[in-house]
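*Asks:* Provided below for reference: sequence and predicted model.
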Amino acid sequence: MSLTMYQASIPSFVRLLGNLSTILDKAAVHAEAKKIDPAIFVNARLAADMYPLSRQIQIATDIVKGCAARLAGIEVPSYADNETTFAELQTRIAKTVAFLHSVSAAQIDGSEERKITLKLGSREVSFLGQAYLLDFVYPNFYFHITTTYAILRHNGVEIGKMDFLGG
């Protein structure tokens, strides 16, 4: 049995974004219980030269909405990148999941050989669809989801590996 491009992308993206949403819920509960301003978590970083939690989530959602759109050959939705609260980040995740659900298997399947060109800073990088998904999108998506998890865990939110992996 072969795995289609849709099966290899959208269901996994949706599941991991759901896990991310659950982790953010736990962070909000933790902040309230400990009387910590939630902005401390939203703006927290692992290192001074890394993006804060809010930007990690913005990038993670940008990566998967961009992937779905590019593989489907449709326009990539644009978000403002102005979220500053847990609620706004949750809305962004929900909006991304809704977009992912709007892209059909018929639109994505067969995109293994579709040429995908990205502008990264001042340079352009090209991939074929399957390499784009497996070698670019997934590593970036996991990096930013993992970094979000690590920021929250480092700041005392009681989450563990099963929160990251989901049920």
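*Replies:* Done, it's in. Here the structure is a predicted model, which is why all the values come from computation and not from measurement.

*Asks:* Residue 22 and residue 165 touch, don't they?
*Replies:* No: between residue 22 and residue 165 there is no contact under C-beta atoms under 8 Å: 10.9 Å. Any C-beta I mention is one placed from the backbone N, CA and C, and that applies to glycine too.

*Asks:* Comparing these two, which residue is more hemmed in?
*Replies:* Legend: neighbour count by other C-beta atoms under 10 Å for residue 22 and residue 165, higher for residue 22 (15 against 10).

*Asks:* Can I get whichever helix or strand that one is part of in CSV, CA atoms only?
*Replies:* Applying DSSP states H and E as the criterion places residue 22 in helix 10-33. Coordinates of each C-alpha in helix 10-33 appear next as CSV, following Å, rounded to 0.1, in the frame of the first residue of the first chain:
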residue,chain,number,x,y,z
ILE,A,10,-2.6,17.1,6.1
PRO,A,11,-3.7,14.6,8.8
SER,A,12,-0.3,14.8,10.5
PHE,A,13,-0.3,18.6,10.4
VAL,A,14,-3.8,18.7,11.9
ARG,A,15,-2.9,16.3,14.6
LEU,A,16,0.2,18.1,15.7
LEU,A,17,-1.5,21.5,15.6
GLY,A,18,-4.2,20.0,17.9
ASN,A,19,-1.5,18.8,20.3
LEU,A,20,0.0,22.3,20.1
SER,A,21,-3.4,23.8,21.0
THR,A,22,-3.7,21.5,24.0
ILE,A,23,-0.2,22.5,25.2
LEU,A,24,-1.1,26.1,25.0
ASP,A,25,-4.3,25.4,27.0
LYS,A,26,-2.1,23.9,29.7
ALA,A,27,0.2,26.9,29.6
ALA,A,28,-2.8,29.3,30.1
VAL,A,29,-4.1,27.2,33.0
HIS,A,30,-0.6,27.2,34.5
ALA,A,31,-0.2,30.9,34.2
GLU,A,32,-3.5,31.5,35.8
ALA,A,33,-2.9,29.1,38.7
